[in-house]
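Peer 1: Sequence first, then the predicted structure:
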Amino acid sequence: MSQFPYFADPYHFSYLLDETQPCDCCGAEAVFDASLFSGIAEIDAICADCLAAGKLKALDIETNEPQFSDNITARDTIRYCTPKLPSWQGIFWPCIDGEYPRFERIASQADFDDIDDFKCSFSAATLAVTDINHLWQWMSDTPIDSIAEGGDISVYLFSLNGRKHCLWDAN
């Protein structure tokens with residue numbers, strides 16, 4: 001299993017430091033930018049091992065805000081042990097039928113069979129308030145390989161039990 005079970009590719013789709021620096025938890029080489037994390041304490045950098053081990057919990061620092069689930073272990077894993085979503089706004093990590101999906105990437109049209117496949121990846125609540133056709137047109141038609149290639153409008157692709165689930169936001 002991956003070091004980060006809820007985040008497929010953190011080294012391309014999470015916030016990384018421009019240059020490595022010492023981890024504020026253990027002193028090892030850190031790559032994750034912790035300055036965007038929320039909490040009472042503040043740190044600038046964290047290494048993958050400390051993040052995955054949940055060292056942020058003792059500092060009361062959260063990387064993500066998951067929607068509610070009775071699965072406290074999974075909820076805390078996303079909150080304290082998972083790299084930060086590359087979102088423009090503060091968005092909740094989705095919970096679908098009591099389970100948390102895995103964040104795959106910032107999506108492009110290439111991640112979907114067609115616009116109908118894209119539409120099926122959104123909740124009914126999102127479809128009710130979003131012009132999905134317009135959103136589709138704004139998306140890149142070529143794969144997005146890193147957070148740096150994301151645009152002013154981002155679609156976040158999650159997966160759970162073989163199904164795609166999406167959220168979106170704009171800067």
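Peer 2: Received, thanks. Every value quoted in this text rests on a predicted model; they were computed, and no experiment measured them.
Peer 1: Where do the strands of the protein begin and end?
Peer 2: Along the chain, the stretches classed as strands by DSSP state E are 16-22, 29-33, 38-39, 45-46, 61-62, 65-66, 92-93, 102-106, 153-160, 163-170.
Peer 1: Compare those strands and give me the one nearest residue 130.
Peer 2: Residue 130 lies closest, by Cβ to Cβ, to one member of the strands of the chain: strand 163-170, at 7.3 Å. In short, each C-beta sits where N, CA and C put it, glycine included.
Peer 1: Count the neighbours of the closest residue to residue 160 other than its chain neighbours for me.
Peer 2: In this structure, residue 160 finds its nearest non-sequential neighbour in residue 101, 3.7 Å apart by Cβ to Cβ, 6 or more residues apart in numbering. For residue 101, the neighbour count with other Cβ atoms under 10 Å is 20.
Peer 1: pretty sure residue 101 contacts residue 162?
Peer 2: No. Look at residue 101 against residue 162 with Cβ atoms under 8 Å: they stay out of range, at 10.8 Å.
Peer 1: Could you check the pLDDT of the residue nearest to residue 160?
Peer 2: Note on residue 101: pLDDT of 98.
Peer 1: again, but for the one 3 residues further on
Peer 2: Residue 104 carries a pLDDT score of 98 in this model.
Peer 1: What's the biggest helix in this structure, counting residues?
Peer 2: helix 72-80 (DSSP state H).
Peer 1: Residue 79 and residue 170: what is the separation?
Peer 2: 25 Å (Cβ to Cβ, to the nearest Å).
Peer 1: Which one of those two is surrounded by more residues?
Peer 2: residue 79 (20 against 11).
Peer 1: residues in contact with that one?
Peer 2: Each residue near residue 79 by Cβ atoms under 8 Å, 6 or more residues apart in numbering is listed here: 57, 62-66.
Peer 1: And these, which is closest to residue 14?
Peer 2: Distances from residue 14 to the contacts of residue 79, taken by Cβ to Cβ, are shortest for residue 63, at 8.8 Å.
Peer 1: Wait, that closest one touches residue 50, no?
Peer 2: No. In this structure, residue 63 is not within contact of residue 50 by Cβ under 8 Å, at 11.7 Å.
Peer 1: These two: which is more packed in?
Peer 2: In this view residue 63 and residue 50 are compared by other Cβ under 10 Å, and residue 63 has more residues nearby, 25 against 22.
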